[in-house]
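K.L.:
Structure, please.
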Amino acid sequence: MPQMIVLDTHIWLWLVTQDWQMFPATWREEIETAERVGVSPISCYEIVLAEERGRLELPCAAEDWFRDALAPMDIVLLPLTAEIACRAVGLSAVHRIKFSGIDQDDPDFAEIAAAIRAERNHTKKRASY
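P.N.:
Alright, predicted model coming up:
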């Protein structure tokens, strides 16, 4: 099965902006050597929302930024299907992260995990034909 890395919003942003001080070298190497790299549509939403709230300033219109942040880097915008939405809701309660010692719920992680599982199932179905 091809290796796929699904980037969190922050990781995607740091990769595109080349903010290497926030980005461990091992992550960059893993992303650059992955067979496929994807991002969730939720990450697009979070970036636009952060810009609207003044926490982020994009150098161009969001649509242009997304185009430039996806295609040239061969990053796939994953679908947000009904299957993924259902799986994400089911995973939300169990996907908690510890960041700087603080527990927090992160629905984006649940959506990412659901997208990965859906992609794996889709890949397995294709392989069995």
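
K.L.:
okay, stretch 58-69 in PDB with CA atoms only?
P.N.:
Taking Å, rounded to 0.1, in the frame of the first residue of the first chain, the C-alpha atoms of stretch 58-69 are listed here in PDB:
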ATOM      1  CA  LEU A  58      -1.600  35.400   3.500                       C
ATOM      2  CA  PRO A  59       0.500  37.000   0.800                       C
ATOM      3  CA  CYS A  60      -2.400  36.800  -1.700                       C
ATOM      4  CA  ALA A  61      -6.100  35.800  -2.000                       C
ATOM      5  CA  ALA A  62      -6.800  32.500  -0.200                       C
ATOM      6  CA  GLU A  63      -7.900  30.700  -3.400                       C
ATOM      7  CA  ASP A  64      -4.500  31.600  -5.000                       C
ATOM      8  CA  TRP A  65      -2.600  30.600  -1.900                       C
ATOM      9  CA  PHE A  66      -4.300  27.200  -1.800                       C
ATOM     10  CA  ARG A  67      -3.600  26.600  -5.500                       C
ATOM     11  CA  ASP A  68       0.100  27.600  -5.000                       C
ATOM     12  CA  ALA A  69       0.300  25.500  -1.800                       C
END
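
K.L.:
what residues does that stretch touch?
P.N.:
12, 16, 44, 47-48, 51, 75, 77 (Cβ atoms under 8 Å, 6 or more residues apart in numbering). Where C-beta positions appear, they are placed from N, C-alpha and C, glycine not excepted.

K.L.:
Drop anything exposed from those residues.
P.N.:
12, 16, 44, 47-48, 75 (16 or more other Cβ atoms under 10 Å).

K.L.:
out of those, what pair is the most spread apart?
P.N.:
48 and 75 (16.9 Å; Cβ to Cβ).

K.L.:
so where's the protein shaky on pLDDT?
P.N.:
Where the chain drops to pLDDT under 70, the residues are 1-2, 87-129.

K.L.:
circling back: using a markdown table, lay out the buried ones among the contacts of stretch 58-69 together with secondary structure.
P.N.:
Formatted as a markdown table, those follow (DSSP: H, G, I helix; E, B strand; the rest coil):
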| residue | secondary structure |
| --- | --- |
| 12 | helix |
| 16 | helix |
| 44 | helix |
| 47 | helix |
| 48 | helix |
| 75 | strand |
